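Participant: Only the shape, not the letters, is given here:
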């Protein structure tokens with residue numbers, strides 16, 4: 001979990017994250033100079049917040065996992081299986097877009113484990129709830145939800161990387177998943 005920052009430091013972090021996301025979407029190898037320039041801050045300021053490019057990428061991955069965990073909790077709280085899928089995929093797609101996780105880079109094994117735990121917990125809860133209500137499409141199991149879900153998120157991420165609006169893509173991905181999994 002991230003620590004609480006002063007409000008001015010948080011605003012700078014948010015500017016850096018937004019600039020890094022935009023820069024990495026265009027060029028997955030964008031350097032710290034390009035990110036600082038896109039954020040409208042000096043290199044020294046960027047390096048005070050993130051000592052290395054790897055530290056910045058790690059912070060983006062941590063932010064992604066936190067948002068994914070929040071999406072999981074929000075989804076599990078939904079009583080209707082269709083709404084649960086809509087909430088999870090919409091929030092998950094926005095987490096991908098907001099943190100540029102589609103830009104590649106080696107993942108931290110601990111964050112990867114947390115990410116997979118959130119995804120698996122959500123898929124299991126959805127399947128149990130949909131089965132109990134008789135709303136699960138035929139021949140759907142956890143492995144299929146994970147496989148199709150990842151493909152949908154990846155397709156949405158590619159569209160966003162090419163310039164599509166997350167406000168268009170996130171609901172589209174969510175509706176496609178809901179239509180595929182829920183009757």
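Facilitator: Great, that's in hand. Please read all numbers here as calculations on a predicted model, not as lab measurements. Residues are numbered from 1 along each chain as shown.

Participant: so where's the protein shaky on pLDDT?
Facilitator: 1-5, 100-107 (pLDDT under 70).

Participant: Going by secondary structure, the residue lying farthest from the centre of the chain is in what exactly?
Facilitator: Going by C-alpha atoms, centre = their mean, the residue of the chain most distant from its centre is residue 134, 29.4 Å out. Assigned by DSSP states H and E, residue 134 belongs to no helix or strand.

Participant: Now it. Nearest residue, chain neighbours left out?
Facilitator: Residue nearest to residue 134 in three dimensions, not counting chain neighbours: residue 183, with 7.9 Å by C-beta to C-beta, 6 or more residues apart in numbering. (Glycine included, C-beta is placed from N, CA and C.)

Participant: how about the nearest residue to residue 20, chain neighbours excluded?
Facilitator: Ranked by C-beta to C-beta, 6+ apart and with sequence neighbours excluded, the top spatial neighbour of residue 20 is residue 35, at 4.9 Å.

Participant: Which strand or helix spans the one you found?
Facilitator: Per DSSP H and E: helix 32-39 holds residue 35.

Participant: can you list the domains in the chain?
Facilitator: Domains of the chain are assigned by automatic domain parsing as 1-51, 59-181.

Participant: Determine which stretch of these is the most buried.
Facilitator: Mean neighbour count (mean count of other C-beta atoms under 10 Å) peaks for domain 59-181 among the domains of the chain, with a mean of 18.

Participant: I figured residue 126 hits residue 89, correct?
Facilitator: No. Look at residue 126 against residue 89 with C-beta atoms under 8 Å: they stay out of range, at 10.5 Å.

Participant: For residue 153, pull up the helix or strand it's in.
Facilitator: Take DSSP H and E as the rule and residue 153 turns out to sit in helix 142-161.
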